[in-house]
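Asks: Please work out how this folds:
(2 chains)
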Amino acid sequence: QQQVKQSPQSLIVQKGGISIINCAYENTAFDYFPWYQQFPGKGPALLIAIRPDVSEKKEGRFTISFNKSAKQFSLHIMDSQPGDSATYFCAASIDYGNKLVFGAGTILRVKS
Amino acid sequence: NAGVTQTPKFQVLKTGQSMTLQCAQDMNHEYMSWYRQDPGMGLRLIHYSVGAGITDQGEVPNGYNVSRSTTEDFPLRLLSAAPSQTSVYFCASSYLEILPNTGELFFGEGSRLTVL
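Replies: Residues are numbered from 1 along each chain as shown, chains lettered A, B, ... in the order given. Down below sits the predicted model:
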């Protein structure tokens, strides 16, 4: 049973559109929520992360929205580009720790 | 800096064989870990270490052994390979202390293992 549930499994978005990936968790002890991006044949790399004391964090075209009461967080990619085509993983940990629990992943394809 | 280096990149084993996946990092990270990645399952933690001589089990440790004799190296041993261990394995490292604006796990490029 996955502690972090991620949806959708795959997503196709037109160039310039908004990509939205959602994650939900049950363990209220989680206090660190990063998103990782993985290109084919490569290891995941940190994209953006949020802590539960804020509801939103934005870095360039990437935004995390966090809803503590609903135990949900999401990644929004604005003005999606073909270069954003990758697998995205949400994750969570306790005590801002290194032991990350990952979601199942979302394969994003941005069509030009 | 090479970052996190994993070898081999590809390996085919027969059921019952043993092997070691190597992982080395040159960032002086205290924390090192092994994950396996399977379709629809995300990344699952196998074993982790918070320093030389200290290891602990993750979510899916059965069938795997680890040791940490140096800060730099964290090998993963498959004792008797089974088809269920066919997967892509990732080693990751980070500083032990999560600073306010970091907390980043650095991943290697993965080792693809097939067990026949």
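Asks: Only C-alpha atoms from now on, for both contacts and neighbour counts.
Replies: Will do.
Asks: give me the beta-bridge partners of the residue nearest to residue B:36 when sequence neighbours are not counted?
Replies: Leaving out its chain neighbours, the residue that sits closest to residue B:36 by Cα to Cα, 6 or more residues apart in numbering or on different chains is residue B:89, at 4.4 Å. For residue B:89, the beta-bridge partners under DSSP bridges are residue B:36, residue B:111.
Asks: what do you get for residue A:57?
Replies: Counting by DSSP bridges, residue A:57 is bridged to residue A:64.
Asks: Near chain B, which residues of chain A are found?
Replies: Residues of chain A lying close to chain B (Cα under 8 Å from any Cα of the partner chain) are A:9, A:41-46, A:89, A:96-105.
Asks: change it to 7 Å
Replies: Proximity of chain A to chain B, by Cα under 7 Å from any Cα of the partner chain, involves residues A:41, A:42, A:43, A:44, A:45, A:46, A:96, A:97, A:102, A:103, A:104, A:105.
Asks: If we only consider those, which is nearest to residue B:28?
Replies: residue A:97 (17.6 Å; Cα to Cα).
Asks: quick revisit: which among the residues of chain A next to chain B count as buried?
Replies: By neighbour count, with 16 or more other Cα atoms under 10 Å in any protein chain shown, these hold A:43, A:44, A:45, A:46, A:96, A:97, A:102, A:103, A:104, A:105 as buried.
Asks: For residue 22, which three-state class applies?
Replies: Answering for chain A, as no chain was given. Recorded secondary structure, residue A:22: strand (DSSP: H, G, I helix; E, B strand; the rest coil).
Asks: For the residue of chain B found nearest chain A, which non-adjacent residue is closest in space?
Replies: Using Cα to the nearest Cα, the single residue of chain B nearest to chain A is residue B:42, 3.7 Å away. Excluding the flanking residues, the one nearest residue B:42 by Cα to Cα, 6+ apart is residue A:104, at 3.7 Å.
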